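Trainee: predicted model and sequence follow; I will ask about them next.
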Amino acid sequence: MRVSFDLDEVLFVSPKTHKTEPPLPFPLRNLFKERLRLGTPSLIRTLQALGYEVWIYTSSFRSENYIRRLFRCYGVRLDGIVNGARHLREVQRDHREILPQKLPNRYHISLHIDDESVICSSARQYGFRAYQLFAQDDDWKEKIIKQADMIRKMEHFDDP
């Protein structure tokens, strides 16, 4: 089962509003200015140890290489990345109607974590499951693991 995370305001947060991982050592902190929400590396490793694939699905146009390298600095290997460019190329393509900025089910993602209410509220309409992560939450990791486990049990129950 795949779990995806948005970046901005979900995993990349401001130390003024959220608890964050310590900054990377010099000179890496000059290359990667984003700060990770406290507990992000351990959550990703825990999800992977539990058998989940962990993806990033962002509407930002940061390169896949940049995102992958940043997470490797924290000892994390991502299973997949969908950025704004990939979404436009593979999902929006030549569709005349404007599709939502994220359609995780197109990548067989079972659960997407996002901060935007428009993404989370349109999930059911477009056939995917989303969990809205609000501001600072000390229990966010446990809530996401619980949500992922619940969806995995539902998917297992639905399989013939």
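Mentor: Cool, got the structure. Everything numeric here is computed off the predicted structure, so don't read it as measured data.
Trainee: end to end on stretch 54-74, go ahead and measure it.
Mentor: In stretch 54-74, first residue to last residue: 15 Å (C-alpha to C-alpha, to the nearest Å).
Trainee: what does it contact?
Mentor: Under the contact criterion C-beta atoms under 8 Å, 6 or more residues apart in numbering, stretch 54-74 has outside partners 2-8, 11, 21, 24, 28, 32, 34, 36, 40-41, 44, 47-48, 77-87, 101-102, 104, 107, 109, 112. For every residue, glycine as well, the C-beta is placed using N, CA and C.
Trainee: same check, this time on stretch 23-36
Mentor: Contact with stretch 23-36 is made by Leu7, Leu11, Phe12, Val13, Ser14, Pro15, Thr20, Glu21, Arg69, Leu70, Cys73, Tyr74, as judged by C-beta under 8 Å, 6+ apart.
Trainee: now do stretch 115-133
Mentor: Residues outside stretch 115-133 that contact it (C-beta under 8 Å, 6+ apart) are 6, 8-10, 100-105, 109-114, 134, 140, 143-144, 147, 151.
Trainee: who's in contact with Ala135?
Mentor: Thr17, His18 are the contacts of Ala135 under C-beta under 8 Å, 6+ apart.
Trainee: I'd like to know how far it sits from Pro41.
Mentor: Distance of Ala135 to Pro41, given as C-beta to C-beta, to the nearest Å: 20 Å.
Trainee: over to Ser110?
Mentor: From Ser110 over to Pro41 (counting by C-beta to C-beta), the distance is 22 Å.
Trainee: next one: Leu103
Mentor: 27 Å.
Trainee: where along this structure do the strands fall?
Mentor: Using DSSP state E, the strands of the chain run over residues 2-5, 53-57, 80-82, 109-114, 130-132.
Trainee: would you format those as CSV with distance to Cys120 included?
Mentor: Putting these into CSV (distance: least, C-beta to C-beta, whole Å) gives the following:
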stretch, distance to Cys120
strand 2-5, 13
strand 53-57, 13
strand 80-82, 17
strand 109-114, 6
strand 130-132, 4
